[in-house]
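J.: Would you be able to build a 3D model of this:
(one chain, ligands or ions: 1)
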Amino acid sequence: MGYLVEDTRKVTTHRLIQMKQEGKKIAMLTSYDYTTAQIVDAAGMDIILVGDSASNVMAGNVTTLPITLDQMIYHAKAVVRATKRALVVCDMPFGTYQVNPTEGVTNAIRIMKESHCDALKLEGGVEIIDTVKKILDAGIPVCGHLGLTPQSINKFGTYTVRAREQAEAAKLVSDAHALEDAGCFAIVLEKIPAALAARVTSELRIPVIGIGAGGACDGQVLVVADMLGMSQGFSPKFLRRYADLHSIMTEAIGHYIPDVKSGDFPNENEQY
Ligand code: KIV
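T.: Residues are numbered from 1 along each chain as shown. So this is what the prediction gives:
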């Protein structure tokens, strides 16, 4: 399948900042495997995120916390093999960058060396800024992630909208500036009031990508299994479902089983 966008040049962090300056919106979607990433990339996605949501989507964990560095590298390698155009960003998993900057940069280098992805994403603001700077000093592009940061779910105790209170909103704004000043190429804002995301988007020079953060952001990101309607029982207000793959797959599989059991499959043309 050919690209659905005309510009087939590889997307770079530099291009993303240009897109913000030109008022062009940025499309970002997760992928965790080769087959899906091929489809997502060929459709013309700007950024593919190898999110640690792989922990939920691919492994069935309740949170993103259990996924390991090795598992993230495995997913990122598969996505990179499939991707020609999109910028591939890989999440640093929980526990691989919070201990100290040296451990953070060591793990960051490992992900880059082994997966060949283009950039990394880390959750948090000033509390991880020294680690972010050290990773940037190693020549690795970093995307920040503020607002609802799922690796801190046990501290929050809830997946509800973040930064509704003035103090948390003020911290988020100063964290966003700190990440930009450190040299991040973009920031993801998750599940915060649209007006706050609009303020951050207008104050920063780097692109702000929203998920549940309203339409004023420079771009949007969703989890691929959610927007394709594969996942069940997860329907936050911000999620738009573009397909009902759960029904399509269930119907197809529901045909296959009786075809096998009745001897209808394979027929004469489906054998050697
Ligand atoms: O892991 C992930 O999928 C993410 C997105 C929700 C932004 O971090």
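J.: make it CA atoms for all contacts and neighbour counts henceforth
T.: Fine.
J.: What is the neighbour count of the closest residue to the ligand within the stretch 1-150 of the chain?
T.: Closest to the ligand within the stretch 1-150 of the chain is G51: 3.3 Å, counting by C-alpha to the nearest ligand atom. Using other C-alpha atoms under 10 Å as the criterion, G51 is surrounded by 25 other residues.
J.: ditto for A27
T.: A27 - counted by other C-alpha under 10 Å - has 17 other residues nearby.
J.: Ok, E165 next?
T.: As a burial measure, the neighbour count of E165 was computed by other C-alpha under 10 Å and equals 8.
J.: how far away is it from the ligand?
T.: The span separating E165 from the ligand equals 22 Å under the rule C-alpha to the nearest ligand atom, to the nearest Å.
J.: Show the pLDDT at the residue in the stretch 101-250 of the chain that the ligand sits nearest to.
T.: Per C-alpha to the nearest ligand atom, the residue of the stretch 101-250 of the chain with the smallest distance to the ligand is V223, at 5.4 Å. Residue-level confidence at V223 comes out at 98, pLDDT.
J.: I'd say it and L29 touch.
T.: Yes. V223 is within contact range of L29, at 6.0 Å (criterion: C-alpha atoms under 8 Å).
J.: my read: V50 touches T36, true?
T.: No. Shown here, V50 and T36 do not form a contact pair, counting by C-alpha under 8 Å, at 11.4 Å.
J.: Those two: which has the busier surroundings?
T.: The residue with more neighbours, out of V50 and T36 and counting by other C-alpha under 10 Å, is V50; that gives 30 against 16.
J.: which residues sit in contact with that one?
T.: Neighbouring residues of V50 by C-alpha atoms under 8 Å, 6 or more residues apart in numbering: 30-32, 72, 75-76, 79, 88-91.
J.: Where does the prediction get shaky in the stretch 101-250 of the chain?
T.: Low-confidence regions of the stretch 101-250 of the chain, defined here as pLDDT under 70, do not occur.
J.: For G144, give me the backbone phi and psi.
T.: When quoted as degrees, to the nearest 10, the phi and psi of G144 stand at phi -80, psi 170.
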